[in-house]
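Colleague: Attaching a predicted model along with its sequence, questions to come.
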Amino acid sequence: MPTHALSSPGSALKSSRLGLRTTPEQEAVLRRAADVAHKSLTEFILDAATRAAEQTLLDQRLFMVSGAEYQALLELLDRPERPNPGLAELFARKAPWEAR
């Protein structure tokens with residue numbers, strides 16, 4: 001179960017209210033799914049919406065940075081590689097799913 005950067009339901013005092021309209025079919029699907037997940041409708045919708053929002057933010061491919069930040073990134077990328085013993089050891093190990 002992934003850990004969310006935002007507060008989980010019930011972990012903080014809730015003071016904001018969101019309203020949404022659905023078709024009867026959408027509401028029925030949401031209620032059935034919430035029942036299957038043993039969650040309230042609100043909790044189910046908030047969990048699903050939060051996961052979708054976090055994924056959307058993580059999927060961003062365009063990053064806006066200042067000229068100085070961009071130049072610093074280019075300098076980092078242009079540096080010669082350095083040995084990384086930890087990484088070399090990690091890649092030398094067999095993957096857990098490979099037969100032993």
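Modeller: Ah, there it is.

Colleague: Could you report the neighbour count for residue 27?
Modeller: 13 (other CB atoms under 10 Å). The way it works is simple: take the backbone N, C-alpha and C, and place the C-beta from them, glycine included.

Colleague: Tell me the confidence at it?
Modeller: pLDDT recorded at residue 27 is 97.

Colleague: ditto for residue 7
Modeller: 48.

Colleague: ok, now residue 93?
Modeller: Note on residue 93: pLDDT of 92.

Colleague: any idea how far it is from residue 86?
Modeller: For residue 93, the distance to residue 86 (CB to CB, to the nearest Å) stands at 11 Å.

Colleague: Repeat that for residue 29.
Modeller: Taking CB to CB, one finds residue 29 at 47 Å from residue 86.

Colleague: okay, these two: which has more neighbours?
Modeller: residue 29 (12 against 8).

Colleague: pLDDT of the lengthiest helix in the chain, averaged?
Modeller: Secondary structure assigned by DSSP state H gives helix 41-58 as the longest helix of the chain. Regarding helix 41-58, the rounded mean pLDDT is 95.

Colleague: Show me what it is packed against.
Modeller: Judged by 3 or more CB pairs under 8 Å, 6 or more residues apart in numbering; DSSP states H and E, the packing partners of helix 41-58 are helix 24-36.

Colleague: Alright, calling it a day.
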